[in-house]
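**Q** Got a predicted structure plus its sequence, pasted below:
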Amino acid sequence: MKIWKRLIGGVKAEDKNEIFGNETAPEPYSHAPRYAVIDTEIGLNDHKVHDIGALRHDGAVFHKSSKSELLSFLKDVDYLCGHNIIHHDIKYMFEDEPCPWILVDTLYVSPLLFPERPYHRLVKDDKLVSDQMNNPVNDCEKARDLLMDEVAQWNSLPDEKRMLLASLLKDKREFEGFFKMVGATAVDDRPADLIRSTYKGMICGHADLDMMIRQYPCELAYALALIDTTDYRSVTPGWVLKNYPAVEFVMKLLRETSCSEGCDYCNTKLNVRYNLKTFFGYDGFRTYDGVPLQEQAAKAAAAKEYAARKGIVEEAAREENAPLSGVSDRPFCKGRNYDPDRYAPKSMEE
């Protein structure tokens, strides 16, 4: 609880109700969420749980391999948190059993809240940056720190962006637990209008947002997060492109496809004549025998630049998406497996 108190200590009193989803808060911090962060170490060959670490909101620490003792440790917990907990830890801990907790996954939220280079200091690709190998308690501490930073970052966002993310992702398992923890509010009608007003001049005003919201809500959320960045070197993580390959397609519709009707974005960012005047001071391109060869070349170059940039991003994604471990049946797990022989002395023959 102490960490949570420090987290919201600087939050305005009128905002605390929104954090916890309560209409009134007569006593400060009286409704702080009861959460625990867990991490498991899985055997490389047998795919079984060999070690478990957990940290509870009251500071209690668990470090054993007993599942029954873990259940006792978690009996008063409402939120169970972790890095890739949904597709990794819970899969091995409760393979065929119901999970009574609200799951909060820090992995999927991180690229939404920290999309800008250099990204978050505790995350590299899909993994936590850890200074100890095969130590689940240490990983829990890192995941807890990341979660606290994510909640703080969420509370710093403008209201319209919080409502927008909650509206796009409210029914997605990877995000709904986090939204419940922070008391997020979704917009039930016309989220496309909210996107257009929030990102006016940053995306095509006539892009088919209704289709993207219906078919690619996660991809749209990740694309909008990247559009919000100011460092042009910022990219969508490779594991996101692997799990949500349509992110590039959505980005092309939002930023690389000029509409025929014309809009604030397309008339400036995608208009070679406008940029000719902006960067070089000329009102128009030269023509040769009445043919606008310069303009045609500029348009072709712009299209080629996008294709090349897209190829670079996809190539980087392929390199990052190489198998992280010997376990092929889990999507982008932590990439760290319990291997007691990892540092065993090797013979001279080897």
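**A** Done, it's in. Numbers count the residues shown, from 1 in each chain.
**Q** From here on, just use CA atoms for contacts and neighbour counts.
**A** Fine.
**Q** Now do the strands in the chain.
**A** 35-42, 49-56, 61-64, 79-82, 102-105, 123-124, 127-128 (DSSP state E).
**Q** quick one: average pLDDT of the first one?
**A** Throughout strand 35-42, pLDDT has a mean value of 94.
**Q** still on that earlier bit, now the strands of the chain as a markdown table including mean neighbour count and distance to E150?
**A** Listed next are the strands of the chain as a markdown table, based on neighbours: other CA atoms under 10 Å; distance: least, CA to CA, whole Å:
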| stretch | mean neighbour count | distance to E150 |
| --- | --- | --- |
| strand 35-42 | 27 | 14 |
| strand 49-56 | 22 | 17 |
| strand 61-64 | 17 | 22 |
| strand 79-82 | 26 | 12 |
| strand 102-105 | 24 | 11 |
| strand 123-124 | 16 | 12 |
| strand 127-128 | 20 | 14 |
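**Q** between those, which gets nearest to R190?
**A** strand 102-105 (27.0 Å; CA to CA).
**Q** Parallel or antiparallel, list what pairs with the closest one.
**A** Sheet pairing of strand 102-105 (DSSP bridges) gives strand 79-82 (parallel).
**Q** So which residues lie in contact with the strand it pairs with, not counting its own?
**A** 33-39, 89, 101-107, 140, 143-144, 177, 181 (CA atoms under 8 Å, 6 or more residues apart in numbering).
**Q** what is D105 paired to in the beta sheet?
**A** Counting by DSSP bridges, the residues bridging with D105 are G82.
**Q** same question, R56
**A** What pairs with R56, by the bridge criterion (DSSP bridges), is A36.
**Q** Contact partners for it?
**A** Counted by CA under 8 Å, 6+ apart, R56 has contacts 34-37, 74.
**Q** gap between it and V247?
**A** As judged by CA to CA, to the nearest Å, R56 and V247 stand 36 Å apart.
**Q** just K172 next, same as before
**A** For K172, the distance to V247 - CA to CA - is 16 Å.
**Q** more neighbours, those two?
**A** V247 (23 against 12; other CA atoms under 10 Å).
**Q** give the contact list for that one.
**A** So V247 contacts 219-220, 222-223, 241 (CA under 8 Å, 6+ apart).
**Q** D188 - nearest residue in space that isn't next to it in sequence?
**A** Nearest residue to D188, sequence neighbours excluded (CA to CA, 6 or more residues apart in numbering): S167, at 7.1 Å.
**Q** Run a quick check on that neighbour versus P191, I expect a contact.
**A** Yes. In this structure S167 lies within contact range of P191 using CA atoms under 8 Å: 6.9 Å.
**Q** which of the two has more neighbours?
**A** S167 (21 against 18).
**Q** Let me know the pLDDT of the more buried one.
**A** In this model, S167 is scored at 95, pLDDT.
**Q** What of P340?
**A** For P340, the predicted pLDDT is 44.
**Q** again, but for V129
**A** 80.
**Q** how much space between it and C140?
**A** 11 Å.
**Q** Looking at those two, which has the bigger crowd around it?
**A** A side-by-side neighbour count of V129 and C140, using other CA under 10 Å, places C140 first with 27 against 15.
**Q** Hmm, that one is touching G53, no?
**A** Yes. With contact taken as CA under 8 Å, C140 and G53 are classed as touching, separated by 6.7 Å.
**Q** Return every residue with contacts to both of these two.
**A** Between them, C140 and G53 share the contacting residues 38-39, judged by CA under 8 Å, 6+ apart.
**Q** Adding distance to R214, write the contacts of R56 out as TSV.
**A** Formatted as TSV, the contacts of R56 follow (distance: CA to CA, whole Å):
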residue	distance to R214
R34	34
Y35	32
A36	34
V37	33
L74	37
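**Q** Which one of those is nearest to K277?
**A** Using CA to CA, the contacts of R56 come closest to K277 at V37, 55.2 Å.
**Q** got a list of what the closest one touches?
**A** 54-56, 80-82, 140, 143-144.
**Q** T185 too?
**A** By CA under 8 Å, 6+ apart, the contact set of T185 is 162-163, 166-167.
**Q** Of those residues - the most surrounded one?
**A** A166 (23 neighbours).
**Q** so who does the closest residue to that one other than its chain neighbours touch?
**A** Excluding its sequence neighbours, the residue lying closest to A166 (CA to CA, 6+ apart) is A186, at 5.0 Å. Contacts for A186 (CA under 8 Å, 6+ apart) come out as 163-167, 170.
**Q** Recalculate using a threshold of 6 Å.
**A** Residues in contact with A186 (CA atoms under 6 Å, 6 or more residues apart in numbering) are 163, 166-167.
**Q** Distance to N45 added to the contacts of T185, as JSON lines?
**A** Below are these laid out as JSON lines (distance: CA to CA, whole Å):
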{"residue": "R162", "distance to N45": "42"}
{"residue": "M163", "distance to N45": "44"}
{"residue": "A166", "distance to N45": "39"}
{"residue": "S167", "distance to N45": "41"}
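**Q** Tally up the residues packed near the residue nearest to R255 when sequence neighbours are not counted, please.
**A** Among residues not flanking R255 along the chain, I203 sits closest, at 5.4 Å (CA to CA, 6+ apart). By other CA under 10 Å, 26 other residues sit near I203.
**Q** do the same with Y232
**A** 10.
**Q** For it, give its distance to M181.
**A** Y232 is 32 Å from M181, by CA to CA.
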